[in-house]
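>>> Sequence and predicted model, in that order:
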Amino acid sequence: MQHKEQLITINSRFCGPPNSGNGGYVCGLLANALGAPAQVTLHAPPPLDTPLQLIVNDDGAQLRLGEQLLGSAKPYSFELGVPDAITPANAAQAQERFKGFEQHNLPCCFVCGTNREPLDGLRIFAGPTEQMEEQVAALWTPDETLTGEDGLVASEYLWAALDCPGYFAVRDQAGVALLGRFAAHIEQPVRAGEQLVVAGWALRHEGRKHFTGTALYNQQGQAVAWAEATWISLQVAAA
């Protein structure tokens, strides 16, 4: 029976909200620990710069802070209808319309934060496209700070890049929302310096739940990674 346990710490660089880890990045860490295609559920915000228990067994993986369950991963495979690639020119135009430039709830976010500098945040600013309703796109060129010894972008950063564009595809309907569940598939590796197109689109809405797809496309227009996510709108207290 498999049972592994280790301590990990989420560096403050990888925040989503100011005091907790970016959801996509954290999901990627759990998937890496599981070592198999995974669906990850986030149960509570993982704190930054704090030793956390990462536990792997036959049923999946868990991220814990003492007795508190922060995230759990289980083996999972899925099919996703990925739209045709958006051209880099259209993606460049779309990112100029990024709604976070006007109002951003999390300007410090590792993935989409407008306050992050190059070589620090991913700076993926996915704005509405003209190709499809509830679709956003941006350009992203991963840098060398995101690679392992093999020169390939580490998978947790690909999971992170697939996170926030999904939210911005549904932001108008979802309002303020949190990532609840996330699954990603990496089809082929990505190298630093390789320009990609990132896209996010709405799949469906069910009350406070909003289901999205996201994808990364290479310069040949091939999808190299894709993901499905469930975003949960926060209930706003009546005035």
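That came through, no problem.

>>> which residues of the protein fall in strands?
3-9, 38-42, 51-57, 60-65, 68-75, 127-128, 135-140, 177-186, 196-206, 209-217, 223-233 (DSSP state E).

>>> Could you list the residues in contact with the fifth one?
The one in question is strand 68-75. Applying Cβ atoms under 8 Å, 6 or more residues apart in numbering, the contact partners of strand 68-75 are 26-27, 30-31, 33-34, 36-46, 52, 59-64. In short, each C-beta sits where N, CA and C put it, glycine included.

>>> quick one on the thing from earlier: and the strands of the chain: which comes nearest Phe101?
Shortest distance between Phe101 and the strands of the chain, using Cβ to Cβ, is found for strand 127-128: 8.3 Å.

>>> Mind listing the strands that closest one pairs with, and their directions?
strand 135-140 (antiparallel) (DSSP bridges).

>>> what's next to the partner strand, contact-wise?
Counting by Cβ under 8 Å, 6+ apart, 83, 86, 88, 90-92, 94-95, 98, 122-129, 161, 165, 168-169, 195-202, 216 sit against strand 135-140.

>>> how about a cut-off of 6 Å?
Outside strand 135-140, the residues that touch it by Cβ atoms under 6 Å, 6 or more residues apart in numbering are 86, 91-92, 94-95, 124-129, 165, 168-169, 196, 198-201.

>>> Same check on stretch 55-67?
Here stretch 55-67 has contacts from 1-5, 30, 33-34, 52-54, 70-74, using Cβ under 6 Å, 6+ apart.

>>> gap between the two ends of that stretch?
Distance across stretch 55-67, first residue to last, is 12 Å (Cα to Cα, to the nearest Å).

>>> so for that stretch, what's the average pLDDT?
The average pLDDT within stretch 55-67 is 94.

>>> how near is the most centrally placed residue in the chain to Gln235?
For the chain, the residue sitting closest to the mean C-alpha position, by Cα atoms, centre = their mean, is Asp163 at 2.0 Å. Remark: distance between Asp163 and Gln235 (Cβ to Cβ, to the nearest Å) = 22 Å.

>>> Likewise for Asn105?
Going from Asn105 to Gln235 by Cβ to Cβ gives 16 Å.

>>> Residue ranges in the protein under the pLDDT threshold?
Low-confidence segments of the chain (pLDDT under 70): 1, 236-239.

>>> returning to what we had before: and Asn105 and Gln235? which has more neighbours close in?
Neighbour count, other Cβ atoms under 10 Å: between Asn105 and Gln235, Asn105 has more, with 12 against 9.

>>> Restricted to buried residues, select the contacts of strand 68-75 in ChimeraX.
Those of the contacts of strand 68-75 that count as buried under 16 or more other Cβ atoms under 10 Å are selected in ChimeraX with:
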select :26,27,30,31,33,34,38,39,40,41,42,45,46,52,60,61,62,63,64
